[in-house]
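S.K.: below is the sequence, then the predicted model.
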Amino acid sequence: MEIRAVLEYNQDGSLLWAENVPGACSRGATPEEAEGKLPAEVRRFLRWRDGSAPEQDFSVRVARKRESSLDIRDADSDLLLDSEQNPMTWEEYAGLKALVLRSAGDFQRLYDAVPDKHRTGLPERKTFYGEIPRTAEEMYRHTNGVSNYYIGELGAAFENLPDILENRALALQMAESLPDFLQNRVTAGSFGELWSLKKALRRFLWHDRIHAKALWRMAGRIWPDIPDPFCFGGTD
């Protein structure tokens, strides 16, 4: 299987997006490191998405490169993929919507399995958005907290709900209330960043995964029987 990838990079780090597997992404200190990680990340993502991953090997073709001024090493991104600028069919949207809702539900499942929501083994560290979330409670609130930001960038304002799955459903309801939402129009949001509904759906999947992985790893060091709903364990 060929992974069509788009690279966001600067001197401090690289993000490599699998354009034909929306939501799958790898990070590295260099483009080469990110490219080396992407096949395993795609395989994990497909195992989560489909229940199994293709048996054949993966190859990576970097179709586009874009230098960024953002803090790439901490996963700050403003990329709009070429494939995120075209109208969607109802079937395409419904498929992505189902995944975005399932991702929120799996995050809830992982969070619920953590015995102590306020315990952590992670050190303090600052990122472009402030202190990193270190406990299960902080990771949950942070992951849920982007919902009204992503959809607000499309022009639909709402207040976040505390439950991640209920909030995700509300976010998608608000997106669907936009005029001709399947036209997937590109809009200029905060700081001139370009957004579309399809980009927001990819960002939900990706943002859930990067913080779910941090939560799964942190909790697993303390409680080894933590479930793995996102299929982070293993690469085959």
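M.R.: Everything's here; your move.

S.K.: just the CA trace of stretch 227-236, in CSV.
M.R.: The C-alpha trace of stretch 227-236 is given here as CSV (Å, rounded to 0.1, in the frame of the first residue of the first chain):
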residue,chain,number,x,y,z
PRO,A,227,-7.0,-1.2,27.9
ASP,A,228,-5.8,-0.2,24.5
PRO,A,229,-8.9,0.9,22.5
PHE,A,230,-6.8,2.8,20.0
CYS,A,231,-4.6,-0.2,19.1
PHE,A,232,-1.3,1.6,20.0
GLY,A,233,0.4,-1.7,21.0
GLY,A,234,2.4,-3.5,18.4
THR,A,235,2.9,-2.7,14.7
ASP,A,236,2.1,-5.9,12.8
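
S.K.: what distance separates it from the middle of the whole chain?
M.R.: Here stretch 227-236 shows a centroid-to-chain-centroid distance of 16 Å under the convention Cα atoms, centre = their mean, to the nearest Å.

S.K.: what's it in contact with?
M.R.: If you take Cβ atoms under 8 Å, 6 or more residues apart in numbering as the criterion, stretch 227-236 is touched by 40, 43-45, 47-48, 103, 106, 109-110, 113, 208-209, 212-213, 216-217. No exception for glycine: its C-beta is placed from N, CA and C like everyone else's.

S.K.: buried ones among those residues?
M.R.: 43-45, 47-48, 103, 106, 110, 113, 208-209, 212, 216 (16 or more other Cβ atoms under 10 Å).

S.K.: in helices only, show me these.
M.R.: Of the buried ones among the contacts of stretch 227-236, the ones assigned to helices by DSSP state H are Arg43, Arg44, Phe45, Arg47, Trp48, Ser103, Asp106, Leu110, Asp208, Arg209, Ala212, Trp216.

S.K.: ok, back up a step: and the furthest pair within the buried ones among the contacts of stretch 227-236?
M.R.: Pairwise distances across those (Cβ to Cβ) peak at 23.7 Å, for the pair Arg43 and Ala113.

S.K.: any idea how far Leu215 is from Arg119?
M.R.: Distance of Arg119 to Leu215, computed by Cβ to Cβ, to the nearest Å: 12 Å.
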